[in-house]
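S.K.: Just to be clear, the model below is a prediction. Sequence and coordinates:
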Amino acid sequence: MITTFCLNFSLKKTKILADGTAPIYVRLTVEKLRLEFTTRRFILPERWNSKSQKMTGHTEEAKSFNAYLKTLEQQVYEAHRLLVSQQIPITVTVLRDKVLGIEEKPKIYTVLEVFREHNRKMEALIGQDYSQGTMTRYETSLKHTSDFIKWQYKVEDMPVDQIDYNFVSNYDFYLRSERKCNNNSTVKYLKNFKKVVKICLGNGWLEKDPFLNYKVKITEVIPEYLTKEELKTIAEKHFEIERINQVKDVFLFSCYTGLAYADVEKLNRNDIIIGVDGQKWVSINRQKTKSRSKVPLLPKASEILEKYKDHPLCLIENKVLPVFSNQKMNAYLKEVGDLCGINKPFTYHTARHTFATTVTLSNGVPIETVSKMLGHKNLKTTQHYAKILDMKVSEDMRALVEKLEF
């Protein structure tokens, strides 16, 4: 972009000193905006030629004085040339700072400042790229990070360039010792924090990745699921309290479809389609992975939908099931377990595990089919369920024995 640029030297008669001299100023004009700064040279007013903008006379003093101004003029034009070549927008302030060698100090970002900005952007994308549950986990991670910095460094916040391996190692220790987090929770919180570190690395605020030599793995946890007998007990149990029956039915629907709470909670009538076989299917984009999940409705799942088709909440919100909050669902499910005599803790997510194990894999449904219905992006995620089915292993081995009997 071409800018209008002008340079003049002027005598400041309003700033005459006790010895009778006055300072000479540089006057820069860029796009009609003017700025002045001192040359740090002083002259008797009667010796200044305002037309030629020089000291009068041919003395060594005059030659030296005028040579200095000429050099300064050349520096201004060179600074202007460099700014143009670097495609930096030119203003009187930018030009002056370039001449005087004044560089804008880079902003020093802090750990919590970057973390909060990350969370602010994430919150703006809830419903598009992130779920409220993910947002909540990052808010918790931010609080843990803040508490750790106070605990370890006795400060409210710290510059991002102070994050190193020692920071990460101490943060790991803090989560395990002070917060009493198990291994998997510790790894997940540090994984959240690593995302913030990557932002710092990408912007050049941090030179070396502090996680470079940090090695820790998620411990494999056997997912809790209901056996065939336990599932049957819940399905056949009728409760006197209607809200418990409602929770039971919604939970069973997930046991028969494999849908997670977030997916069932938002499930509406448009998500029930007629599949390639002419039967009813559930077709959704999973809240967690955004992957497509299509599940043929088992008869028992269809019966539950039919039962609640005229429920007031379903009619008003175009939902297929009346779903309580996740917190309430889990609280009521504890009552369901107690009343059914099931002596194992389970949550709403147990329904998804039950679908993968008791309902499908243990009944011979191929793992590839189960993986597709669950909306898994990686078959390894589904294989996690297959590992716990000792009964299935036994059946496979019996089949092998029969084959080997020749």
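M.R.: In hand now; what should we look at? Numbering: from 1, shown residues only.
S.K.: what separates the lengthiest strand in the chain from the chain centre, distance-wise?
M.R.: Determined from DSSP state E, the single longest strand within the chain is strand 33-43. Distance of strand 33-43 from the chain centroid (C-alpha atoms, centre = their mean, to the nearest Å) equals 50 Å.
S.K.: partners of that strand in the sheet?
M.R.: Applying DSSP bridges, strand 33-43 is found paired with strand 22-30 (antiparallel).
S.K.: what does the average pLDDT come to for the strand it pairs with?
M.R.: On average, the pLDDT along strand 22-30 is 93.
S.K.: from the chain's centre, how far out does it sit?
M.R.: Chain-centre distance of strand 22-30: 50 Å, with C-alpha atoms, centre = their mean.
S.K.: Show the subsequent helix or strand relative to the top helix by length along the chain.
M.R.: Identified as the longest helix of the chain according to DSSP state H is helix 60-85. Next along the chain after helix 60-85, taking DSSP states H and E as the criterion, comes helix 92-100.
S.K.: Now for Lys191, how many residues are close by?
M.R.: 13 (other C-beta atoms under 10 Å). For the C-beta atoms, the positions are set from N, CA and C on the backbone; glycine is no exception.
S.K.: and the helix or strand where Ser10 lies, what other elements does it pack with?
M.R.: Ser10 is located in strand 5-11, with elements delineated by DSSP H and E. Applying 3 or more C-beta pairs under 8 Å, 6 or more residues apart in numbering; DSSP states H and E, we find strand 5-11 packed against strand 22-30, strand 33-43, helix 60-85.
S.K.: With respect to burial, which of these scores highest?
M.R.: Mean neighbour count (mean count of other C-beta atoms under 10 Å) peaks for strand 22-30 among these, with a mean of 19.
S.K.: Quickly run through the sheet partners of the strand or helix carrying Trp281, with directions.
M.R.: Assigning secondary structure by DSSP H and E places Trp281 in strand 280-285. Paired with strand 280-285 in the same sheet, following DSSP bridges, are strand 272-274 (antiparallel), strand 292-296 (antiparallel).
S.K.: and the first one, which residues are buried?
M.R.: In terms of neighbour count (16 or more other C-beta atoms under 10 Å), strand 272-274 has its buried residues at Ile272.
S.K.: Mind listing residues that contact it?
M.R.: 280-283, 297, 305, 320 (C-beta atoms under 8 Å, 6 or more residues apart in numbering).
S.K.: quick revisit: and the strand holding Trp281, how far from the chain's centre?
M.R.: Centroid separation between strand 280-285 and its chain, computed with C-alpha atoms, centre = their mean, is 29 Å.
S.K.: about what we covered before: how about a markdown table for the contacts of strand 272-274, with neighbour count added?
M.R.: Formatted as a markdown table, the contacts of strand 272-274 follow (neighbours: other C-beta atoms under 10 Å):
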| residue | neighbour count |
| --- | --- |
| Lys280 | 15 |
| Trp281 | 17 |
| Val282 | 24 |
| Ser283 | 14 |
| Leu297 | 19 |
| Leu305 | 19 |
| Val320 | 23 |
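S.K.: Go ahead and report the secondary structure state at the closest residue to Thr227 other than its chain neighbours.
M.R.: Distances taken as C-beta to C-beta, 6 or more residues apart in numbering put Thr358 closest to Thr227, at 6.2 Å, once the chain neighbours are dropped. Using DSSP: H, G, I helix; E, B strand; the rest coil, the structure places Thr358 in helix.
S.K.: per-residue confidence at Thr358?
M.R.: 89.
S.K.: Wait, it touches Leu231, no?
M.R.: Yes - assessed by C-beta atoms under 8 Å, Thr358 is found in contact with Leu231 at 6.0 Å.
S.K.: which neighbours do the two share?
M.R.: Common contact partners of Thr358 and Leu231 (C-beta under 8 Å, 6+ apart): Cys255.
S.K.: And the nearest residue to Glu61 once chain neighbours are set aside, how far from Thr39?
M.R.: Counting by C-beta to C-beta, 6+ apart, Met55 is the residue found nearest to Glu61 once chain neighbours are left out, at 7.5 Å. Distance, Met55 to Thr39, by C-beta to C-beta, to the nearest Å: 12 Å.
S.K.: now do Leu315
M.R.: From Leu315 to Thr39 the distance is 82 Å (C-beta to C-beta).
S.K.: again, but for Cys6
M.R.: Cys6 sits 16 Å away from Thr39, going by C-beta to C-beta.
S.K.: ok and the strand holding Ser10 relative to strand 33-43, angle-wise?
M.R.: Interaxial angle, strand 5-11 versus strand 33-43 (axes from the mean of the first three to the mean of the last three C-alpha atoms, to 10 degrees): 40 degrees.
S.K.: Begin at 36 from now on, thanks
M.R.: With 36 as the first residue, the last one maps to strand 40-46.
S.K.: Mind listing the strands strand 40-46 pairs with, and their directions?
M.R.: According to DSSP bridges, strand 40-46 forms sheet pairs with strand 57-65 (antiparallel).
S.K.: just the angle between the partner strand and helix 95-120, please?
M.R.: Using the same axes, to 10 degrees: strand 57-65 against helix 95-120 is 20 degrees.
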